[in-house]
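**Student:** Provide a 3D model corresponding to the input given below.
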Amino acid sequence: MTQRERYILYLLVALLIFLPLIFTFNVFENRPTPEVRGVYDTINSLNPGDVMVLSMDFDPGSEPELYPMALAVLRHAFSKDIRVIGVGFFSPQGVGLGVSAFSTVGDEFGKVNGVDYVFLGYKPVLIAAIQAMNDNIKGLFQVDAWGRRVEELKLLQDVPKLRNNVKYLVVLAAGETVRPWVAFGSAKGGYPMGAGCTAVSFADYFSFYQSGQLNGLMGGLKAAAEYEVMVADDYLKNLSGILEKSNSPFTVEEIKELMVKEGAPKYILQALSKLPSDRKFNTAQEFSAAFFNANLGAASAGMNSQSFVHAILTVFIIMGNIAYFRSRKKKRAGGTSA
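**Tutor:** Coordinates of the predicted model:
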């Protein structure tokens, strides 16, 4: 391979990585698997005002796989008006990710920090911390990740401990935190549990899913993309009745005005802002497809990039093998004629 051919190869791979991240589209369908749907269905079954725990047990090293998962779970929970208690027991370096995720999604849904959600941050000695949270959250945490006294937070006044108060626990783990949460959190606290992990750890935790100790398990970027698909589909269902009342063609701004009149949730109005306000659609189906793709997150974009690169590498491997066998055949033919 010449130097020029190498440059062309690298350029092509770079384009296939970055273009799906820049332009929103959904080429490869991410159909939700039963393991991922287990987490989604459990959160879907909760009532408004119920409390769940999201343990973001990862640091920046696992951010590409687990951070989009956290955003998708939070968007789903907040869309159902479920209150969320957040912690992060893997590393102090992960606290910033938790603050970012809760602040970002909280603002999208107009949720109040301390009332609708809290993020308490990091504590060492994992098993002791889990046991303490089951019986007395304020005994373990004196301040939250923003430095506010926990006794002043309305959510923790209503929920002083996890035991008998929490309806669901989701652990997003880069390390070995799922097992302690199963043994000392879910089992002893009496609340169901789902988990998310990096793709390489999925097989390690699958036995917990098979045994029923986890009612859902999300593995890697693909699982995060599957969850994003279900959340985006939920958003679209909220729009279906409103779209039927609209006259085609219509713009995004016209749909937004109609939604305001119909009393649509704030997060749906926020989701609409991802489309240009003056963009015109001729049919409800055309709008639905654009809205759906616009509300897929980083995991879906990452899966597009990953799938494109895997496809082109497979093609290159096949081409390389064909070229190799052809050159070997020519050499043999040349040797025979000599």
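**Student:** Look up how far Val105 lies from Ile268.
**Tutor:** 14 Å (C-beta to C-beta, to the nearest Å). Just so you know, the C-beta spots here come from the backbone N, C-alpha and C atoms, and that holds for glycine as well.
**Student:** And Tyr267, by the same measure?
**Tutor:** Per C-beta to C-beta, Tyr267 is found 9 Å from Val105.
**Student:** returning to what we had before: and Ile268 and Val105? Which one has more around it.
**Tutor:** Taking neighbours as other C-beta atoms under 10 Å, Ile268 and Val105 compare with Val105 leading, 23 against 20.
**Student:** What segments of this structure are strands?
**Tutor:** Taking DSSP state E, the strands of the chain run over residues 51-57, 83-87, 117-119, 168-173, 193-197, 217-219, 250-251, 280-281.
**Student:** In the sheet, which strands lie alongside the first one, parallel or antiparallel?
**Tutor:** Pointing back at strand 51-57 there. When pairs are called by DSSP bridges, strand 51-57 turns out to pair with strand 83-87 (parallel), strand 168-173 (parallel).
**Student:** Please work out which residues outside it touch it.
**Tutor:** Contacts to strand 51-57, defined as C-beta atoms under 8 Å, 6 or more residues apart in numbering, come from residues 43, 46, 66, 70, 73-74, 77, 82-90, 94, 97-98, 101, 155, 158-159, 162, 165-175, 177, 181, 191.
**Student:** before we move on, what about the third one?
**Tutor:** Applying C-beta under 8 Å, 6+ apart, the set of residues contacting strand 117-119 from outside is 78, 83-88, 98-99, 102, 106, 111, 144-146, 150, 153, 155-156.
**Student:** if we can go back for a sec, which of the strands paired with strand 51-57 sits most buried?
**Tutor:** Among these, strand 168-173 has the highest mean neighbour count (mean count of other C-beta atoms under 10 Å), at a mean of 26.
**Student:** Now do it against strand 193-197: the angle between them, please.
**Tutor:** 20 degrees (axes from the mean of the first three to the mean of the last three C-alpha atoms, to 10 degrees).
**Student:** Give me the mean pLDDT for strand 168-173.
**Tutor:** What strand 168-173 shows for mean pLDDT is 97.
**Student:** same check, this time on stretch 8-19
**Tutor:** On average, stretch 8-19 scores 84.
**Student:** Not counting that stretch itself, show me its contacts.
**Tutor:** Contacts of stretch 8-19 (C-beta under 8 Å, 6+ apart): 1, 305, 308-309, 312-313, 316.
**Student:** Give the burial count for Asn44, as a bare number.
**Tutor:** Per other C-beta under 10 Å, the neighbour tally for Asn44 reads 15.
**Student:** swap in Leu313?
**Tutor:** Counted with other C-beta under 10 Å, residues neighbouring Leu313 total 13.
**Student:** cool, and Ile137?
**Tutor:** Close neighbours of Ile137, defined as other C-beta under 10 Å, add up to 22.
**Student:** Over to Lys167?
**Tutor:** By other C-beta under 10 Å, the residues close to Lys167 number 18.
**Student:** so what's the most centrally placed residue in the chain closest to, chain neighbours aside?
**Tutor:** By C-alpha atoms, centre = their mean, the chain has its centre lying nearest to Met69, at 2.1 Å. Nearest residue to Met69 in three dimensions, chain neighbours excluded: Ala224, at 4.1 Å (C-beta to C-beta, 6 or more residues apart in numbering).
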